[in-house]
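> prediction below, plus the sequence it came from.
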Amino acid sequence: MTKAGRFALSAFILIGVAASLAPLVETNLWWIRYLDFVRLQGAAALAITLALYASFGGWRSVAGRGVVALGIVALGLHAYRLYPYAGVVEAMAVATPACPAESRLKILVANIQWGNRRSEALFAIVARVKPDLFLVLETDEWWDAKLQDLGERFPDGIAHVPADANYFGMHLLSRYPLVEPRIGFYFGADTPTVLTGVALPDGREALFIGLHPRPPQFWDQPTTMRDAHLLAAALEARGSERPSILAGDLNATPWEGVTRRAMRIGGLLDPRVGRGVYPTFDAQSWLMSWPLDQVLFQDSFGLAAWDVLPAFGSDHLPVMAELCLKPDLAARQSAPALLAGDVDAAQAALRAAKTMER
């Protein structure tokens, strides 16, 4: 390879190193936070480029060896963030296939993509999966009317249908009675959160928190509101006496710092840890896809089943988690331990979001 070719490869590696390390900075800038989404793709691109650079003798010079060393450090960071989702570690959530029917709670989460009108494919999934709770995101008046067809299957529910067309409609449909359900709006934003008790057939009650915070967006949307939304939900779970579940399109990957902090604060387990990445967005791309749709739950629940389901016309794939309420499981599984400063950091995030209230 020519000197110019090696220089181009080294430049690409250094850009990759900078992009890999930038998310370590505590900031809400959209372009830095977005780099956490593509960590898996970035790691693959960096590994391929490093291999090419080394094979063409880039390591022979002192500067070249420095480039290789920096690339290895960046790959090590990617590996540290991603290895829990490679299926090579012990599962965080204990598998509990044997569970009394009256203690089970099957949850289906589907972001239908605003403007999508393909209800038949989604309803076929519902008929096959038979969820107890069905959280539907990005709904509008058309979907509000369509979801009435599921009223016999889901006798209870709560919904927010935006008066003006936007991406943050939300419906929660339930086979079981909901206890004091309400729609909350953190920080005056137009992104709803469902907070409700769910009465299980065995007489016990769980807290369900359904959310869909805004994602980081090009140029004008930092992650301030998203992060505060996630952390506020985690604080709700932390303060509840009921075993809690947090589910939705979180617009954050499981390996992001804010997601891990929310798990530590809320005492939440991630079914992906020890099982795989399970990407859900973009459903139309096998290359640029990452796990945004999540179901997190406290250690009183075991995991009877977990899956990402087939496409139904949305840009998101639906996710299904069947949980088993079995408090003695807490002795066999645990969420990431709370770190010093986690709650203070969450409170600071909430204060920052309040300054942006709409």
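Ah, there it is.
> and the helices in the stretch 101-250 of the chain?
Ranges of helices in the stretch 101-250 of the chain, per DSSP state H, counting those that start in this stretch, are 119-129, 141-147, 224-239.
> so of those helices, which one's packed in deepest?
When the helices of the stretch 101-250 of the chain are scored by mean count of other C-beta atoms under 10 Å, the highest mean neighbour count falls to helix 224-239 (a mean of 24). For the C-beta atoms, the positions are set from N, CA and C on the backbone; glycine is no exception.
> which other residues reach it?
28, 186-187, 189, 191, 193, 195, 207, 209, 211, 213-216, 244, 246, 250-252, 258-259, 261-263, 265-268, 298, 343, 346, 349-350, 352-353, 356 (C-beta atoms under 8 Å, 6 or more residues apart in numbering).
> buried subset of those residues?
28, 186-187, 189, 191, 193, 195, 207, 209, 211, 213-216, 244, 246, 250-252, 258-259, 261-263, 265-268, 298, 343, 346, 349-350, 352-353 (16 or more other C-beta atoms under 10 Å).
> these in strands, which ones?
Secondary structure from DSSP state E places 193, 195, 207, 209, 211, 244, 246, 268, 298 of the buried ones among the contacts of helix 224-239 in strands.
> any low-confidence regions in the stretch 1-150 of the chain?
Residue ranges of the stretch 1-150 of the chain with pLDDT under 70: 1.
> could I get the helices of the stretch 101-250 of the chain as a markdown table with distance to Asp36?
Formatted as a markdown table, these follow (distance: least, C-beta to C-beta, whole Å):
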| stretch | distance to Asp36 |
| --- | --- |
| helix 119-129 | 29 |
| helix 141-147 | 30 |
| helix 224-239 | 12 |
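> out of these, nearest to Asp164?
helix 141-147 (10.9 Å; C-beta to C-beta).
> neighbours of Glu26, how many?
Neighbourhood size, Glu26 [other C-beta atoms under 10 Å]: 8.
> one more: Ala95?
Neighbour tally, Ala95, other C-beta under 10 Å: 16.
> which ones are touching it?
By C-beta under 8 Å, 6+ apart, Ala95 lies in contact with 302-304.
> can you tell me which of these is closest to Ile72?
Leu303 (35.4 Å).
> can you give me the buried ones in the lengthiest helix in the chain?
If you go by DSSP state H, the chain has its longest helix at helix 62-82. By neighbour count with 16+ other C-beta under 10 Å, helix 62-82 contains the buried residues 64, 67-68, 70-71, 74-75, 77-78, 81-82.
> can you show me the strands along the stretch 251-358 of the chain?
268-269, 293-298, 301-308, 319-325 (DSSP state E, counting those that start in this stretch).
> of the contacts of Ala95 - the most surrounded one?
Among the contacts of Ala95, the one with the most neighbours (other C-beta under 10 Å) is Gly302, at 26 neighbours.
> and that one, how close does it get to Val273?
14 Å (C-beta to C-beta, to the nearest Å).
> related to what we said a few turns ago, between the helices of the stretch 101-250 of the chain, which one is closest to Ala43.
helix 224-239 (23.3 Å).
> got the angle for that closest one vs strand 293-298?
Relative orientation of helix 224-239 versus strand 293-298 (axes from the mean of the first three to the mean of the last three C-alpha atoms, to 10 degrees): 30 degrees.
> per-residue confidence averaged over helix 224-239?
The pLDDT scores in helix 224-239 average 96.
> convert the C-alpha atoms of it to PDB, please.
In PDB, the C-alpha atoms belonging to helix 224-239 read as follows (Å, rounded to 0.1, in the frame of the first residue of the first chain):
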ATOM      1  CA  THR A 224     -31.400  16.500  28.400                       C
ATOM      2  CA  MET A 225     -35.200  15.700  28.300                       C
ATOM      3  CA  ARG A 226     -34.700  12.000  27.300                       C
ATOM      4  CA  ASP A 227     -32.200  11.300  30.100                       C
ATOM      5  CA  ALA A 228     -34.300  13.100  32.700                       C
ATOM      6  CA  HIS A 229     -37.400  11.200  31.500                       C
ATOM      7  CA  LEU A 230     -35.600   7.800  32.000                       C
ATOM      8  CA  LEU A 231     -34.200   8.700  35.300                       C
ATOM      9  CA  ALA A 232     -37.500  10.100  36.600                       C
ATOM     10  CA  ALA A 233     -39.100   6.800  35.700                       C
ATOM     11  CA  ALA A 234     -36.300   4.900  37.500                       C
ATOM     12  CA  LEU A 235     -36.800   7.100  40.600                       C
ATOM     13  CA  GLU A 236     -40.600   6.200  40.500                       C
ATOM     14  CA  ALA A 237     -39.600   2.500  40.500                       C
ATOM     15  CA  ARG A 238     -37.100   3.000  43.300                       C
ATOM     16  CA  GLY A 239     -39.700   4.700  45.500                       C
END
